[in-house]
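Undergrad: The sequence and its predicted three-dimensional model are supplied below.
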Amino acid sequence: MSLILIDWLSPAPHAEFNQNLYKVLRNSSVVYVYSEKLVDLDGECVVQRRPKTRLFHALSVLKICWKHRKDQIFFITYDDLFVWIAQFFVKTILCFEHKTTPNHPFWDKHAVWQRVLFYRLERLCQSKAQLSMLAKMGQRCHWLGLPIPNVTIVDKTSVENSFLFVSEQISIPVVQSIVGHCYGKIKLKKSVSNTQNIIPGHGVAVEFVSRFNLPEDLMSAEALVLSIDSSVRGSGWYTEAIKFGVPLVIVAPGQQYVFESTYPNYPYVKGDLVEDADDLKNKIALVRRFDGSKYADSYMGLLQNRVASLLSIGE
């Protein structure tokens, strides 16, 4: 039985993340992707033409599943509307969780759908927060973790102090609770809605950017600020913060739990406990002293062990 990787939905910016995941799945036979920008250069990769509609895209993926129905299929990403169909003819299906985990185990339409139909899918979680939610739903779920890229520490070289509010889906109350303690400049993405309600009355300089350029924008960054308020879903900015050694400020307690259950014992700043600008500056300095490279090596070793155990499912 071979391991077949299928990347159903990833956008091009996910390429680096996917490469990190492929590194711990090196015993796979082939990777199927729907964009040349997502090609796995270190292994056999088949680029599929992306259909224009969701239905025909699903049929394309299910055709691949039928071809490999006697193998073990690992979905790097998946469409929760159609993935359950494959369980009728594929022996073992592993699904890596992204935004597919519902926010509530019962009073959520996605939860109802998944509880009824996802009865043979093995769901691999980025965080123990996801694991807890899926367990409440009675799902077959396991904690895998979130791969860490090769750590490349970026030293802050600019005299300018900037706080990068990197979340696009933000909570206005969460932002307002921390912004008054920020010193220097605040950078926000232009795509963030209701920006007129975010900064009023705090007297801080604000710059709106189309996108954050890494690592260039980190040369002046004091910290990356996560202002989402989810107790289930994490963020790809977790790995960017660890990769570049930039302190992470997380404000909402629910999101703090998600991070802690993704990267146990990795330090960050609890934004809801910051007293003032000096306190924030001191907390950021403490995080910068942490040896992220050593942590990443240890974490990836443990993740590799979990992968080996999970891939034995169905053998």
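TA: Looks like it came in fine. Residues are numbered from 1 along each chain as shown.
Undergrad: all contacts plus neighbour counts: C-alpha atoms, from now on.
TA: Fine.
Undergrad: helices or strands up against the helix or strand containing residue 299?
TA: Residue 299 is part of helix 292-310, with elements assigned from DSSP states H and E. Helices and strands touching helix 292-310, as assessed by 3 or more C-alpha pairs under 8 Å, 6 or more residues apart in numbering; DSSP states H and E, are absent.
Undergrad: Would you mark the buried spots in that helix?
TA: Residues 292-293, 295-296, 299-300, 303-304, 306-307, 310 are the ones in helix 292-310 that count as buried (16 or more other C-alpha atoms under 10 Å).
Undergrad: Would you mark the buried spots in stretch 172-182?
TA: Neighbour counts over stretch 172-182 (16+ other C-alpha under 10 Å) mark 172, 174-182 as buried.
Undergrad: Please disregard the earlier target; I meant stretch 98-113.
TA: Buried, per 16+ other C-alpha under 10 Å, within stretch 98-113: 98, 100-105, 110-111.
Undergrad: Kindly report the same for stretch 64-80.
TA: Of the residues in stretch 64-80, those buried under the neighbour-count criterion (16+ other C-alpha under 10 Å) are 64-65, 68-69, 71-78, 80.
Undergrad: which two in those are spaced the farthest apart?
TA: 71 and 80 (20.6 Å; C-alpha to C-alpha).
Undergrad: contact partners of the helix holding residue 299?
TA: 24-25, 142, 144-145, 147-148, 151, 242-243, 245, 266 (C-alpha atoms under 8 Å, 6 or more residues apart in numbering).
Undergrad: Do you have the helices of the stretch 101-250 of the chain handy? List them.
TA: In the stretch 101-250 of the chain, the segments counted as helices under DSSP state H, counting those that start in this stretch are 109-117, 128-136, 172-179, 237-244.
Undergrad: Lowest average confidence across those helices, which one?
TA: Lowest mean pLDDT within the helices of the stretch 101-250 of the chain: helix 172-179, a mean of 83.
Undergrad: and that one, how far from the chain's centre?
TA: 22 Å (C-alpha atoms, centre = their mean, to the nearest Å).
Undergrad: In CSV, list the helices of the stretch 101-250 of the chain along with distance to residue 16.
TA: As requested, those are exported to CSV (distance: least, C-alpha to C-alpha, whole Å):
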stretch, distance to residue 16
helix 109-117, 28
helix 128-136, 22
helix 172-179, 28
helix 237-244, 11
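Undergrad: still on that earlier bit, between the buried residues of stretch 98-113, which is closest to residue 37?
TA: For those, with residue 37 as the reference and C-alpha to C-alpha as the criterion, the closest is residue 98, at 19.4 Å.
Undergrad: hang on, the closest one in a helix?
TA: No. Under DSSP: H, G, I helix; E, B strand; the rest coil, residue 98 sits outside any helix and is assigned coil.
Undergrad: Tell me who's in contact with residue 91.
TA: By C-alpha under 8 Å, 6+ apart, the contact set of residue 91 is 69-72, 314.
Undergrad: any chance of those residues in TSV, plus secondary structure?
TA: Formatted as TSV, the contacts of residue 91 follow (three-state DSSP):
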residue	secondary structure
69	coil
70	coil
71	coil
72	strand
314	coil
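Undergrad: Go through those and name the one with the lowest pLDDT.
TA: Within these, lowest confidence goes to residue 314 (66).
Undergrad: which parts of the host helix or strand of residue 64 are buried?
TA: Per DSSP H and E: residue 64 is located in helix 54-67. Neighbour-count burial for helix 54-67 flags 57-58, 60-62, 64-65 (criterion: 16+ other C-alpha under 10 Å).
Undergrad: Given the helix or strand following that helix, what are its sheet partners and their directions?
TA: Downstream of helix 54-67, the first helix or strand assigned by DSSP H and E is strand 72-77. Strand pairing for strand 72-77, determined by DSSP bridges: strand 3-7 (parallel), strand 92-96 (parallel).
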